[in-house]
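> Requesting a structural model of the entry that follows:
(one chain, ligands or ions: 1)
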Amino acid sequence: MTAFAQFLDDHPAYSATAALDALRMTEYGRLDSQGQAYLDYTGGGLHASSQVREHAQLLNEHVFGNPHSANPSSTDTTQAVERTRAAVLAYFNGTGEYTAVFTLNASGALKLVGESYPFAAGGRLLLTVDNHNSVNGIREFAGAKGAVVDYAPLTAPELRIDTSAMSTLLARANPACANLLAFPAQSNFSGVKHPLALVDAARDLGWHVLLDAAAFVPTNRLDLRAVTPDFVTISFYKMFGYPTGVGCLLVRNAALSRLRRPWFAGGTVNFATVQGRLHVLSPREAGFEDGTLNYLSIPAVEIGLRHLDRVGMDTIHTRVHCLTDWLLTGLLALRHSNGRHMVRVYGPATSTQRGGTVTMNLYDPNGHLLDYRRIEELAGLERISLRTGCFCNPGAGETAEGLTEDDMRAGLAEGADITLPRFLQVMQRRGGKSAGAIRVSFGLASNFADAERFLRFASGFRDQATLTIGAVPFDIESCRVIRDGS
Ligand SMILES: Cc1ncc(COP(=O)(O)O)c(C=O)c1O
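Numbering: from 1, shown residues only. Have a look, this model is predicted:
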């Protein structure tokens, strides 16, 4: 039996996603014509050729001018932008309940919330240890305004939110003050899907909730009638590859009036005077969209959403789930000739409540860490695109590796030019811990050949010790995630 036949036997649902194989040939043919295995969908999605063609045609058929006027070219632009805004709200089932603010990216949307949320003494910001740095950065706004900042820890080795600690921290809010909980729907480090039920649970205790959906929406449907966070942040290139430079903040209308912009800009005011030193902010989304929108790219978002709808989110989700399950099983089964495991996977070992992001490190037969930067180079030589480092999510990495506050202090003692590679050297001296890892992730255009290619690449490190860094072995067997029944 071939590996693919065995895979189909074990994952019968995959057959129902065959339309994606045809699509890969017609829309993503550049992958196979260039022999590329793209495994960084959590970094960025890939666009279909037709998205670019359709967008080029739209641009070539219209005279799109700056939207801040009433002339015909401006009106055409405004119509295209507003049609896209309506399409975004409809896609997430938020029409009537939410306002869509276009931003540069998810980070831009997060910064809008951070700078506009009415943090004050007596109020709180609660973050999960698993968060992208663009969410962690909100603590600077909160702290500067006197709010208490807390982190809810993760469990190890699964890297899920510690629900008991979370309940304790949520209970600390004074509902009369402004309290914000921010967490990712899906981790960009471990692929863990965090419980969306937290949104209602936190609201009941007096919190507003920011759901960072950037890593979730490329392979899952977010229905804003079923889950109702106050703020949702998204980057469209992660969903369908093109365009880059456009993201979105979805604000629940009930929460919109709580936000206070700290400044005004061109495009955000109905009226401003120099002599009177006053301004009147525009209502709704217009008060948040500084300057001139990326008005030529925004209509490509509607094209991308239509593409996703045609492909079907359920189909994408099923395919990614099957490939992730297969790869996890394969990686965790890899052993050196001496019987020791080759791969340490961070986060859940099964595909339950997790998405298609798999983060790991490889070890030599004696438990020494293999240098993930060299592994990335070697993968590149085989035209495999993967990611290494800490993926802008230091908290998840710290929990995954069991890095302590002392470890972090030892790193910071290196001085202002501390970098991840230097920190890794420090950690190697302090017990062989890693700082940083290898991440592969699946998405819309992934197929079995991509997954198989990576597994074959990883298995090539069997019995190899040449890429070892550091002299201290790590006891990989002691911290392996446990699979059901093993
Ligand atoms: C979970 C998560 N949140 C936020 C971001 C920030 O997105 P962007 O870099 O597009 O602003 C990312 C990017 O990787 C992410 O994965």
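
> what kind of secondary structure is R319 in?
Assigned by DSSP: H, G, I helix; E, B strand; the rest coil, the conformation of R319 is helix.

> could you give the mean pLDDT of stretch 406-418?
Regarding stretch 406-418, the rounded mean pLDDT is 85.

> I'd like the distance from it to the chain centre, please.
27 Å (Cα atoms, centre = their mean, to the nearest Å).

> What residues does the stretch 151-300 of the chain have near the ligand?
Neighbours of the ligand within the stretch 151-300 of the chain, by Cβ under 6 Å from any ligand atom: P184, N188, D212, A214, A215, S235. Just so you know, the C-beta spots here come from the backbone N, C-alpha and C atoms, and that holds for glycine as well.

> in the helix or strand bottoming out on mean pLDDT in the chain, what counts as buried?
Ranked by mean pLDDT, DSSP states H and E, the weakest helix or strand in the chain is helix 420-429, scoring a mean of 82. Within helix 420-429, the residues scored as buried using 16 or more other Cβ atoms under 10 Å are F423, L424, V426, M427, Q428.

> Identify the farthest-apart pair in those.
Across these, the longest distance by Cβ to Cβ is 9.8 Å; it joins F423 and Q428.

> Among the residues of the stretch 151-300 of the chain next to the ligand, name the buried ones.
Using 16+ other Cβ under 10 Å, the buried members of these are P184, N188, D212, A214, A215, S235.

> what's the neighbour count on I316?
Using other Cβ atoms under 10 Å, I316 has 23 other residues around it.

> Pull the helix or strand hosting it out as PDB, backbone CA atoms only.
Per DSSP states H and E: I316 is located in helix 313-333. Coordinates of each C-alpha in helix 313-333 appear next as PDB, following Å, rounded to 0.1, in the frame of the first residue of the first chain:
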ATOM      1  CA  MET A 313     -14.400  26.800   4.400                       C
ATOM      2  CA  ASP A 314     -15.500  23.300   5.500                       C
ATOM      3  CA  THR A 315     -13.500  21.800   2.700                       C
ATOM      4  CA  ILE A 316     -10.400  23.700   3.600                       C
ATOM      5  CA  HIS A 317     -10.800  22.900   7.300                       C
ATOM      6  CA  THR A 318     -11.300  19.200   6.600                       C
ATOM      7  CA  ARG A 319      -8.200  19.000   4.400                       C
ATOM      8  CA  VAL A 320      -6.000  20.800   6.800                       C
ATOM      9  CA  HIS A 321      -7.300  18.700   9.700                       C
ATOM     10  CA  CYS A 322      -6.500  15.400   8.000                       C
ATOM     11  CA  LEU A 323      -3.000  16.600   6.900                       C
ATOM     12  CA  THR A 324      -2.200  17.900  10.400                       C
ATOM     13  CA  ASP A 325      -3.300  14.600  12.000                       C
ATOM     14  CA  TRP A 326      -1.100  12.600   9.600                       C
ATOM     15  CA  LEU A 327       1.900  14.700  10.000                       C
ATOM     16  CA  LEU A 328       1.700  14.800  13.800                       C
ATOM     17  CA  THR A 329       1.400  11.000  13.900                       C
ATOM     18  CA  GLY A 330       4.400  10.600  11.600                       C
ATOM     19  CA  LEU A 331       6.600  13.100  13.400                       C
ATOM     20  CA  LEU A 332       5.900  11.600  16.800                       C
ATOM     21  CA  ALA A 333       6.800   8.200  15.500                       C
END
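
> buried ones in that helix?
So, applying 16+ other Cβ under 10 Å, buried residues of helix 313-333: 313, 315-332.

> Now do the helices in the stretch 151-300 of the chain.
163-170, 198-204, 236-240, 253-256, 298-311 (DSSP state H, counting those that start in this stretch).

> How far off centre is the second one?
Looking back up the chat, that one is helix 198-204. For helix 198-204, the distance to the chain centre is 22 Å (Cα atoms, centre = their mean).

> May I see the buried residues of it?
L198, V199, A201, A202.

> got a list of what the spatially most distant residue from the centre of the chain touches?
The centre of the chain is farthest from one residue, Q275, which by Cα atoms, centre = their mean lies 45.3 Å away. Neighbouring residues of Q275 by Cβ atoms under 8 Å, 6 or more residues apart in numbering: there are none.

> quick one, phi psi at it?
phi -70, psi -40 (degrees, to the nearest 10).

> how near is it to G267?
21 Å (Cβ to Cβ, to the nearest Å).

> Could you do N361 as well?
Taken as Cβ to Cβ, the span from N361 to G267 is 47 Å.

> Okay, and the residue nearest to I138 when sequence neighbours are not counted sits in which element?
In this structure, I138 finds its nearest non-sequential neighbour in G114, 3.9 Å apart by Cβ to Cβ, 6 or more residues apart in numbering. For G114, the enclosing helix or strand under DSSP H and E is helix 106-116.

> any idea of the mean pLDDT for that helix?
On average, helix 106-116 scores 98.

> what about the helix or strand just after that helix and the ligand, any contact?
Using DSSP H and E, the next helix or strand after helix 106-116 towards the C-terminus is strand 124-128. No - applying Cβ under 6 Å from any ligand atom, one finds strand 124-128 out of contact with the ligand, separated by at least 11.2 Å.

> For strand 124-128, name the packing helices and strands.
helix 138-144, strand 148-152, helix 163-170, strand 179-184 (3 or more Cβ pairs under 8 Å, 6 or more residues apart in numbering; DSSP states H and E).

> got the angle for that strand vs strand 179-184?
Counting by axes from the mean of the first three to the mean of the last three Cα atoms, to 10 degrees, strand 124-128 lies at 20 degrees to strand 179-184.

> Strand 124-128 pairs with which strands, and in what direction?
strand 148-152 (parallel), strand 179-184 (parallel) (DSSP bridges).

> Mean neighbour count, the ones you listed: which tops it?
Mean neighbour count, computed with mean count of other Cβ atoms under 10 Å, is highest for strand 179-184 among those, reaching a mean of 26.

> what sits up against it?
Residues from elsewhere that reach strand 179-184 (Cβ under 8 Å, 6+ apart): 113, 117, 119, 123-128, 130-132, 135, 138, 142, 152, 161, 170, 173, 194, 198, 202, 206-216.

> What's the PyMOL line that selects buried ones from these?
Buried residues among these (16+ other Cβ under 10 Å), as a PyMOL selection:
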select buried, resi 113+117+119+123+124+125+126+127+128+130+131+132+135+138+142+152+161+170+173+194+198+202+206+207+208+209+210+211+212+213+214+215+216
